[in-house]
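Q: The following comprises the amino acid sequence and a computationally predicted model.
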Amino acid sequence: MNRDRDAFTEAGAPLAVIGQGTPANAAWFREEFGLEIDILVDTDRLAYKAAGTKVATVGELVGPKLVARGLRRTRRSGVRQGKIVGHPAQLGGLMLVTPGGGVPWAHLSDDAGDYPPNQEVIEAVRAALAPG
Amino acid sequence: MFGIAAGRQQVNPPADARVLEDIVVRDWHGRDVRLGGIWAENPALLVFLRHYG
């Protein structure tokens, strides 16, 4: 998402990236991957819980289909998986929020490999924020 | 074990993000950030990471 950060901003919704762990984990992540986006940390997972994200079962974390999907994504993007910190089974997701607190679009992961492609998300953001 | 869910859970995004607005997280410098401040003026796409990478 770091590569497409300007496209998200142009679509109307700058990224606000939230991870687990500590500020030191986030600082490591930014440095290790050369990221230019801000990283926030939710050490106690209060935001994860309030956002309705889920904790995975074993089958939602590992399995032939998930591994194959992960390998395909790594090949396409060149981005390798990094550190898992915090709760090991906590899944993530995406949530578009508008001033006043509206949530016109969200995609919360159903398993460890469930992240839509960036272009699909950008189009969803554009559609959700389109006037009328 | 390790906090892994025993049974399948359902995701449940809120219809109203005001349930998140008073949650305070920290930036990578350790400074407090109130979530509601992020979308106070303009839309924002919250990205909840599964892992760092």
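A: Received it, and whenever you're ready, just let me know what you need.
Q: List the buried residues for stretch A:59-70?
A: Within stretch A:59-70, the residues scored as buried using 16 or more other CB atoms under 10 Å in any protein chain shown are A:60-61, A:66, A:69. Any C-beta I mention is one placed from the backbone N, CA and C, and that applies to glycine too.
Q: Quick check: beta-bridge partners of the residue positioned nearest the centre of chain B?
A: Compute the mean C-alpha point of chain B, and by CA atoms, centre = their mean the closest residue is residue B:48, 5.8 Å away. For residue B:48, the beta-bridge partners are residue A:18, residue A:93 (DSSP bridges).
Q: mind showing which ranges of chain B have poor pLDDT?
A: The model of chain B has pLDDT under 70 over residues B:1-2, B:53.
Q: can you map out the strands along it?
A: B:24-27, B:32-34, B:44-48 (DSSP state E).
Q: which one of those lies closest to residue A:130?
A: Closest to residue A:130 of the strands of chain B is strand B:44-48 (CB to CB; 15.2 Å).
Q: in that closest one, what's buried?
A: B:44-48.
Q: Could you count how many residues lie near residue A:57?
A: Residues near residue A:57, counting by other CB atoms under 10 Å in any protein chain shown, number 15.
Q: give me phi/psi at the nearest residue to it once chain neighbours are set aside?
A: Nearest residue to residue A:57, sequence neighbours excluded (CB to CB, 6 or more residues apart in numbering or on different chains): residue B:5, at 4.9 Å. The phi/psi pair for residue B:5 (degrees, to the nearest 10) reads phi -70, psi 140.
Q: Please apply the same query to residue A:7.
A: Per-residue torsions, residue A:7: phi -70, psi -40 (degrees, to the nearest 10).
Q: Assess the claim that it and residue A:121 are in contact.
A: No: judged on CB atoms under 8 Å, residue A:7 makes no contact with residue A:121 at a distance of 9.6 Å.
Q: If anything else comes up later, I'll come back, but that's it for now.
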